[in-house]
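**Q** sequence unknown, structure follows:
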């Protein structure tokens with residue numbers, strides 16, 4: 001939500017212009033050191049402002065916000081943090097737009113959207129309420145769908161493993177026994193040839209599913225680290241552009 005003249009007046013009264021570059025760089029440095037994809041920008045800015053380096057400025061900004069908006073102290077403090085967040089997001093968007101993603105949805109804290117509305121009614125902010133997060137944020141369902149579309153081999157292997165356990169269940173005469181064999185690799189006592197084959201088939205199905213799951217876990221971890229590294233590089237890019 002863009003800041004209106006009344007919001008600009010609050011920032012100007014607190015001397016934000018003198019701290020603007022230092023705060024934006026501190027936020028970028030924080031992101032670089034804590035590259036958590038999907039974390040709310042507002043929370044990062046809030047923690048940066050509460051740092052000793054900017055504590056006096058933040059207290060002054062809170063006081064000016066309280067005086068001009070006539071909001072209670074806690075809401076004034078949250079409002080002050082929101083104003084800086086809006087300015088920081090604008091700065092980052094101009095230089096490294098990929099570092100921050102605006103999303104529609106519920107705020108990190110239920111009270112924040114209410115404060116946005118109050119600031120809008122008081123002529124401090126305008127436009128649609130948006131959360132902003134570090135890096136791209138996608139729904140788990142879409143992420144998984146995209147992952148399996150690119151790697152259909154995993155679906156095939158899970159299918160083979162499940163089919164072998166089903167076959168094991170038929171040979172052992174019990175789906176429950178087949179699951180025991182597949183999950184624990186324990187042999188079900190049996191004297192029949194079909195039952196012995198069922199033990200082998202069920203064990204093989206379980207092994208396929210187990211190692212497929214381990215592989216997926218490793219790939220997920222590597223992908224998460226890749227995205228974290230990408231965030232670090234984007235934060236580095238912003239720091240270089242604001243020297």
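**A** Ah, there it is. It should be emphasised that the depicted structure is a prediction, and the values quoted were computed from it without experimental measurement.
**Q** distance-wise, check residue 3 relative to residue 89.
**A** Distance of residue 3 to residue 89, computed by C-beta to C-beta, to the nearest Å: 11 Å. To be clear about C-beta, it is placed using only N, CA and C from the backbone, and glycine gets the same treatment.
**Q** tell me the domain ranges of the chain?
**A** Using automatic domain parsing, the domain ranges for the chain come out as 5-137, 144-227.
**Q** where does pLDDT dip in this structure?
**A** Filtered on pLDDT under 70, the chain yields the residue ranges 1, 104-110, 136-144.
**Q** tell me, what residue is most central in it?
**A** In the chain, the centroid-proximal residue (C-alpha atoms, centre = their mean) is residue 38; its distance is 2.1 Å.
**Q** so that residue is in contact with residue 132, correct?
**A** No: look at residue 38 against residue 132 with C-beta atoms under 8 Å: they stay out of range, at 11.0 Å.
**Q** mean neighbour count, the domains of the chain: which tops it?
**A** When you average the neighbours per residue for each of the domains of the chain (mean count of other C-beta atoms under 10 Å), domain 5-137 leads with a mean of 17.
**Q** show me where this structure has its strands.
**A** 100-103, 131-134 (DSSP state E).
**Q** the helix of greatest length in the chain - contacts with which helices or strands?
**A** Counting residues, the longest helix in the chain under DSSP state H turns out to be helix 193-241. If you count contacts as 3 or more C-beta pairs under 8 Å, 6 or more residues apart in numbering; DSSP states H and E, helix 193-241 packs onto helix 16-33, helix 73-95, helix 152-172, helix 175-184.
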